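Engineer: Next come a sequence and a model predicted from it.
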Amino acid sequence: MALVRLSGVSVGFGAAPLLDGVEFQIERGERVCLVGRNGSGKSTLLRVIAGELEVDDGVVQRMPELRVGTLPQEVPAGMGGKVFAVAASGLGELGELLARHQTLSQRLASGDQGCLDELDRVQQALEATGGWALGPRVEQVLSRLQLDPGQDFSSLSGGLKRRVLLARALVTEPDLLILDEPTNHLDIDAITWLEEFLLAYPGALLFVSHDRRFLQRLATRIVELDRGRLRSYPGDYQTYLDRKAAELEVESVHNALFDKRLAQEEAWLRQGIKARRTRNEGRVRALMAMREERRRRREQLGTAKIGLQEAERSGRLVVEAENIRYGIGNRLLIKDFSTTILRGDKIGIVGPNGAGKTTLIRLLLGELQPDAGRIRRGTRLEVAYFDQLRDQLDEEASVLDNVAEGSDRVLVNGKPKHIIGYLRDFLFTPERARTPVKALSGGERARLLLAKLFTRPANLLVLDEPTNDLDVETLELLEGLLVEFAGTVLLVSHDRAFLDNVCTNIIAFEGDGVVRDYVGGYQDWQRQRPAAAPAPRPPTQAKASTRKQAVRPKLSYREQRELEALPQRIEQLEQAIGQLQRQLADPELYRQRPDEVAQATARLEALEQELEQAFERWEALEALKG
């Protein structure tokens, strides 16, 4: 039985429904990623599935006594108290009793005898309701998430607050875990930890994420929300991309043929009086139906048309830092760091939350002075700064006023452009352009800040967490623009794919004030960093040769036969893998035999694992052979 099933569900808050006759179900053990453009209704769908929002039409069926845990996209306003209390609040009234018991116990331990009576009442209530068994569960979840139960929730960083909210969802031991943008505001280490945790999670998982590497690793099925409808794509994210591209091509051809026929029928209807006298009334009715179909056809959502305005070229040297040190109080953030940034470099800055990444940017730009060392900046620098906190936006002002500041035009590459047309390039309709910023979603705010940022010429772009809340299409467009940008980029991001696709260098905070400079993107940094030394592999020829002087191992008859057969086996595996990859890349498979997709995907994974083991065995036997 499905955990949740939606049949013909519709929800709307305006002219076009966000959910339009949606069909959906999720089974035990599935890890489903929901994708779609910003504002397409993903969070609305999650709320419907969680039972937090009533539908306008349709049926929502849930498994009896279904337990659902949710992680919202934003931290709820006004949430406070100790970490234990916030996590335990997921258990309802029993959680409140547990949190109250912990608080009273701490007061009693500190010598407050006045709380004994209340503590006794709380203990009796926990015994009567069986709540004692839940306390260790809360503590165990907090321990697994590496959270201090006694810390104040309000004192935590955004990433840690979201980890506490995840704990609140997990203490109920949900059958279905619903996560809305779980990687937002998490650093790379926390994202990697979350991946491993969710891969081992025994329940079903439904999540929204624009982190391509995260969803590629986790998802067993992609569900796309597009123009109010859901489409399901079994398999991983890359399989979804291949199928989606094929479908869009077919849809484009179909729409072009439909529009051509409609134009022909309109021309026929407008013929002279003679034609109108003899016209077929059935044909006229068919034309009216075509007009209605065309009117109701919801076009594919547009793509943002972001453009960078480049200022006069800066000097070849942008920033040179030599043995700089900087600390706050007794904490050393940066110790003896040196780097040279040249025009055209794309620098990614990575490290844990709170390590000092934004502080380093302020040092390089001259907003802060180092405690020791020297920083030299180049000439003719024009800086544009994307702030992760969106502090440059006026919450009360409209989208229009935030960008144009009272004018009806902006300058784009030296030419005036009407503000409405400019904002359309960033996917803001005229109605949305007049909306106050406080009413925008996280993704819309990110796009608005990009629109504001790119009205000014720059040759040094500073982007502090630009990828939070942006949909995948906008992310990929921004990637392309940054790669082609002739100026210099300083980029703080935890999006590993984004770092790989954009950066020429990585500056990494590696703990205890150690900051190092690496050539390449995220994966290059992972290979080069000291902590990423490769795990020991099976014996190689070189290692075997060092042992030959003491004992020269020889192959047994069985091992000799195995070694001789391995090359042929490896070739067979490679051919089978290639055949399966071609099969999975064929759109016809998904249209004509969708039930075979999961089986083919599982077979491919098994063959790839077998191939890797065969190579390792071959290497080990060759080493023993000497």
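Structural biologist: Arrived safely.
Engineer: Distance from whichever strand or helix holds residue 422 to the middle of the chain?
Structural biologist: Assigned by DSSP states H and E, residue 422 belongs to helix 419-424. Here helix 419-424 shows a centroid-to-chain-centroid distance of 27 Å under the convention CA atoms, centre = their mean, to the nearest Å.
Engineer: Could you do stretch 107-124 as well?
Structural biologist: On CA atoms, centre = their mean, the centre of stretch 107-124 falls 45 Å from that of its chain.
Engineer: Could you tell me the average pLDDT over it, please?
Structural biologist: Across stretch 107-124, the average pLDDT comes to 82.
Engineer: any low-confidence regions in the chain?
Structural biologist: For the chain, residues meeting the criterion pLDDT under 70 lie at 14-15, 262, 264-312, 387-391, 413-414, 531-558, 585-587, 590-591, 623, 625-626.
Engineer: Tell me where the longest helix sits in it.
Structural biologist: helix 237-269 (DSSP state H).
Engineer: Now it: buried residues?
Structural biologist: 237, 239, 240, 242, 243, 244, 246, 247, 265 (16 or more other CB atoms under 10 Å). Quick note: C-beta positions are derived from backbone N, CA and C, even for glycine.
Engineer: Please identify the helix or strand for the residue nearest to the first one when sequence neighbours are not counted.
Structural biologist: Once its chain neighbours are removed from consideration, residue 237 has its nearest residue in residue 216; the separation is 4.3 Å (CB to CB, 6 or more residues apart in numbering). In this structure, residue 216 sits in helix 212-218 according to DSSP H and E.
Engineer: Give me the next element, helix or strand, following that helix.
Structural biologist: Taking DSSP H and E, what comes next after helix 212-218 is strand 221-226.
Engineer: Pull up the pairing partners for that next one, direction included.
Structural biologist: strand 31-35 (parallel), strand 229-234 (antiparallel) (DSSP bridges).
Engineer: With only the CA atoms kept, save it in PDB.
Structural biologist: Provided in PDB are the C-alpha atoms of strand 221-226 (Å, rounded to 0.1, in the frame of the first residue of the first chain):
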ATOM      1  CA  ARG A 221      13.000   8.800  -8.700                       C
ATOM      2  CA  ILE A 222      12.600  12.300  -9.900                       C
ATOM      3  CA  VAL A 223       9.100  14.000  -9.900                       C
ATOM      4  CA  GLU A 224       8.800  17.200 -11.900                       C
ATOM      5  CA  LEU A 225       6.200  19.900 -11.200                       C
ATOM      6  CA  ASP A 226       5.700  21.800 -14.400                       C
END
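Engineer: Give me the residues contacting it.
Structural biologist: 19, 24, 30-37, 40-42, 45, 215, 230-237, 239-240, 244, 300-301 (CB atoms under 8 Å, 6 or more residues apart in numbering).
Engineer: switch to 7 Å and redo it
Structural biologist: 24, 30, 32-36, 40-42, 45, 230-234, 237, 240 (CB atoms under 7 Å, 6 or more residues apart in numbering).
Engineer: list the contacts for residue 517?
Structural biologist: By CB under 7 Å, 6+ apart, the contact list for residue 517 reads 339, 505, 507.
Engineer: excluding its backbone neighbours, what's nearest the first one?
Structural biologist: Residue nearest to residue 339 in three dimensions, not counting chain neighbours: residue 517, with 4.8 Å by CB to CB, 6+ apart.
Engineer: ok but that neighbour is inside a strand, no?
Structural biologist: Yes. Looking at residue 517 with DSSP: H, G, I helix; E, B strand; the rest coil, it is inside a strand.
Engineer: how close does it sit to residue 338?
Structural biologist: Using CB to CB, to the nearest Å, residue 517 is found at 8 Å from residue 338.
Engineer: Over to residue 226?
Structural biologist: According to CB to CB, residue 226 and residue 338 sit 49 Å apart.
Engineer: for residue 252, same thing?
Structural biologist: 53 Å.
Engineer: Quickly find the element holding residue 45.
Structural biologist: Residue 45 belongs to helix 42-50, assigned by DSSP H and E.
Engineer: ok, for residue 209, nearest residue in space, not its chain neighbours?
Structural biologist: In space, residue 209 is closest to residue 215, 4.9 Å off (CB to CB, 6+ apart).
Engineer: Correct me if wrong: that neighbour contacts residue 205.
Structural biologist: No. Under the criterion of CB atoms under 7 Å, residue 215 is not in contact with residue 205, lying 11.1 Å apart.
Engineer: Buried residues, the host helix or strand of residue 336. List them.
Structural biologist: Assigned by DSSP H and E, residue 336 belongs to strand 331-342. By neighbour count on 16+ other CB under 10 Å, the buried set for strand 331-342 is 333, 334, 335, 337, 339, 341, 342.
Engineer: tell me what the helix or strand where residue 161 lies is packed against?
Structural biologist: For residue 161, the enclosing helix or strand under DSSP H and E is helix 158-170. When contacts are defined as 3 or more CB pairs under 7 Å, 6 or more residues apart in numbering; DSSP states H and E, helix 158-170 packs onto strand 68-71, helix 83-88, helix 134-144.
Engineer: Tell me the buried residues in the strand or helix carrying residue 602?
Structural biologist: Element membership for residue 602, per DSSP H and E: helix 597-625. Residues of helix 597-625 classed as buried: 597, 600-601, 603-604, 607, 611, 614, 617-624 (neighbour count, 16+ other CB under 10 Å).
Engineer: since we're on residue 594, how many residues are nearby?
Structural biologist: 12 (other CB atoms under 10 Å).
Engineer: do the same with residue 567
Structural biologist: Residue 567 has 11 nearby residues by other CB under 10 Å.
Engineer: Make sure it is indeed in a helix.
Structural biologist: Yes. Assigned with three-state DSSP, residue 567 falls within a helix.
Engineer: Leaving out sequence neighbours, find the closest residue to it.
Structural biologist: Counting by CB to CB, 6+ apart, residue 567 lies nearest to residue 618, which is 7.5 Å off, once chain neighbours are set aside.
Engineer: same question, residue 149
Structural biologist: In space, residue 149 is closest to residue 84, 3.7 Å off (CB to CB, 6+ apart).
Engineer: OK, contacts around that neighbour?
Structural biologist: With contact set as CB under 7 Å, 6+ apart, residue 84 has these partners: 99, 102, 138, 142, 149, 150.
Engineer: What of residue 503?
Structural biologist: Residues near residue 503 by CB under 7 Å, 6+ apart: 346, 347, 348, 491, 521.
Engineer: how far away is it from residue 85?
Structural biologist: Counting by CB to CB - residue 503 and residue 85 are separated by 41 Å.
Engineer: Check residue 365 too.
Structural biologist: 41 Å.
Engineer: same thing with residue 320?
Structural biologist: In terms of CB to CB, residue 320 sits 50 Å off from residue 85.
Engineer: Neighbour count: these two, which is higher?
Structural biologist: When residue 320 is set against residue 85 and neighbours are counted by other CB under 10 Å, the residue ahead is residue 85, at 21 against 16.
Engineer: Skip the chain neighbours and tell me the closest residue to the residue most central in space within the chain.
Structural biologist: By CA atoms, centre = their mean, the chain has its centre lying nearest to residue 211, at 2.5 Å. Distance criterion CB to CB, 6+ apart; nearest residue to residue 211, sequence neighbours excluded, is residue 183 at 4.6 Å.
Engineer: from memory that neighbour sits against residue 207, does it?
Structural biologist: No. Judged on CB under 7 Å, residue 183 makes no contact with residue 207 at a distance of 9.4 Å.
Engineer: Between these two, tell me which one has more neighbours.
Structural biologist: The neighbour comparison of residue 183 against residue 207 (other CB under 10 Å) goes to residue 183, with 25 against 22.
Engineer: Work out the gap between stretch 460-467 and the centre of the chain.
Structural biologist: Worked out by CA atoms, centre = their mean, stretch 460-467 lies 17 Å from the chain centre.
Engineer: Go ahead and name everything in contact with that stretch.
Structural biologist: Residues contacting stretch 460-467 (CB under 7 Å, 6+ apart): 314, 318, 358, 361, 381-388, 446, 475, 478, 485, 487-493, 495, 498.
Engineer: Please report how far the residue nearest to residue 339 lies from residue 600.
Structural biologist: 44 Å.
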